[in-house]
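1. Here is the input, now give the coordinates:
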Amino acid sequence: MTRCGVRRRRVVAGARLALLLLPAVSVARPLAAQEERPERRSPADSARRAERRAERRAADLVAGEAFFAQKAPLELTLRFDVRQVTEDRDTAAAKWWPAVMAAREPAAGGAAAAARPVEGRVRTRGIFRLKAANCSFPPLRLDVGLGDARGTPLAGLRRPKLVTHCRPNRSEYEQYVLQEYLVYELLAAVTPHGYRARLARVTYEDAAGRERPHTSWGVIVEDDEMLERRLNGRLLEQHGATPADVDTTAMTLASLFQYMVGNTDWSVERVHNAKLLIRTDGTIVPVLYDFDFAGIVNAHYAAPTPSLSNLGLRSVRDRAFQGLCVPEAVAEQVVATLLSRQGAVLAAWRELPGLEARNYRRGREYLEDFFTRMRQRGAVRYDLLGRCLRGRLP
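-> The predicted model follows:
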């Protein structure tokens, strides 16, 4: 084993040990943050502060559960200097810009209740969609924590991602957003180890008054801290993880999910559209996100990952399994697990307001084709184990 490999294993082992030694309530809070203020407090004051923090976290979790359990699209208005924000394409240090946010939950009768504005911030983010050549309107991250969001639908969200429409007034890009949201719903039907998502109808208002308001579909994705608290674990930002570091069953299920939706644009090893979560029991599982390059979405700009060029993939609609070489019994077990959830998966790919019938139909047929293939004799041995990765993670 190389010194680099030993160092990576020590990093993972050290992270696992550190997590097991931490109390569950502080899993998502760095130790340094707990030691920021060395001022002296009485034991009673410290206990009260800890109790209030725990109450706020519990309230945030409850609010987050309620927010992401809603299937009806949120009505969200964002007001900021559109030109100032969208021209900030610094991949290393994007700035936070002031914004006003107002969210409404649709009422049962179809009319939405009045929204109370919340002072917050926005900034750009992303990789492919952050480049101006690819998207004139970049993806955003919201900071709800600056304002008092209590009593609004945004309560407890902190700093969620916002998947945006990329190019205003282009209907095909609106379709990509709707379909990517449904992939998040598919993932939730397969495993809890994924970011939750909520569809939103977002109106962008220019605080500088230079541009007209426009409304587009968007997807709000929970932030890392909320995911860590919900799953009782901690995300690892390391590169170079090895098969020995991760839970084999969880890794195989994640790879099979990506195979199902036709996504090759991910890598656990390079921390690209996938992260590793270490749980309090010491197991490390993958967490997937960002699916606009998936074959089931079929965005016109998407292409198979160049590293798979030897497989002869003609488009992202062609599937390629990127998973560990595991014993056949393990692979069969994971496939059986996914087959048992076929009904939930097909129900998750549902008709949405604004989703064109042809895109709904193509997506459902794409999923049905996967399940049909996985039930055929020899599919596991040929499609999965015959093309698996030996000695490394995807």
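2. Strands of the stretch 201-350 of the chain, start to end?
-> Ranges of strands in the stretch 201-350 of the chain, per DSSP state E, counting those that start in this stretch, are 214-221, 233-236, 274-279, 284-288.
3. Let me have the ones you listed in CSV, adding mean neighbour count as columns.
-> To be clear about C-beta, it is placed using only N, CA and C from the backbone, and glycine gets the same treatment. Output for these, formatted as CSV (neighbours: other C-beta atoms under 10 Å):
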stretch, mean neighbour count
strand 214-221, 22
strand 233-236, 20
strand 274-279, 21
strand 284-288, 23
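4. What separation is there between V144 and E225?
-> According to C-beta to C-beta, to the nearest Å, V144 stands 12 Å off from E225.
5. what is in contact with these two at once?
-> By C-beta atoms under 8 Å, 6 or more residues apart in numbering, V144 and E225 have these common neighbours: R158, R159.
6. more crowded one of these two?
-> V144 (23 against 15; other C-beta atoms under 10 Å).
7. Next up, the contacts around that one.
-> Counting by C-beta under 8 Å, 6+ apart, V144 touches M101, V118, G120, L154, L157, R158, R159, P160.
8. excluding its backbone neighbours, what's nearest T249?
-> The spatial neighbour of T249 that comes closest, neighbours along the chain excluded (C-beta to C-beta, 6 or more residues apart in numbering), is V334 at 6.2 Å.
9. most distant residue from the middle of the protein?
-> Note on the chain: the largest C-alpha distance from the chain mean falls to S42, namely 41.2 Å (C-alpha atoms, centre = their mean).
10. Give me the pLDDT value at that one.
-> Per-residue pLDDT puts S42 at 80.
11. any idea of the angle the helix or strand where A59 lies forms with strand 214-221?
-> Assigned by DSSP states H and E, A59 belongs to helix 43-69. If you take axes from the mean of the first three to the mean of the last three C-alpha atoms, to 10 degrees, helix 43-69 sits at 120 degrees to strand 214-221.
12. so I278 sits right up against N232, yeah?
-> No. Using C-beta atoms under 8 Å, I278 makes no contact with N232, being 10.5 Å away.
13. Report the rounded mean pLDDT for stretch 277-287.
-> 95.
14. now the end-to-end length of it.
-> 7 Å (C-alpha to C-alpha, to the nearest Å).
15. ok, now stretch 213-233?
-> End-to-end distance for stretch 213-233, by C-alpha to C-alpha: 40 Å.
16. Number the residues from 498 up from this point.
-> Got it, first residue is 498 now, which makes that one stretch 710-730.
17. on that earlier part again, columns distance to R884 on top of the strands of the stretch 698-847 of the chain, output as CSV?
-> Shown next, in CSV, are those (distance: least, C-beta to C-beta, whole Å):
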stretch, distance to R884
strand 711-718, 30
strand 730-733, 27
strand 771-776, 19
strand 781-785, 19
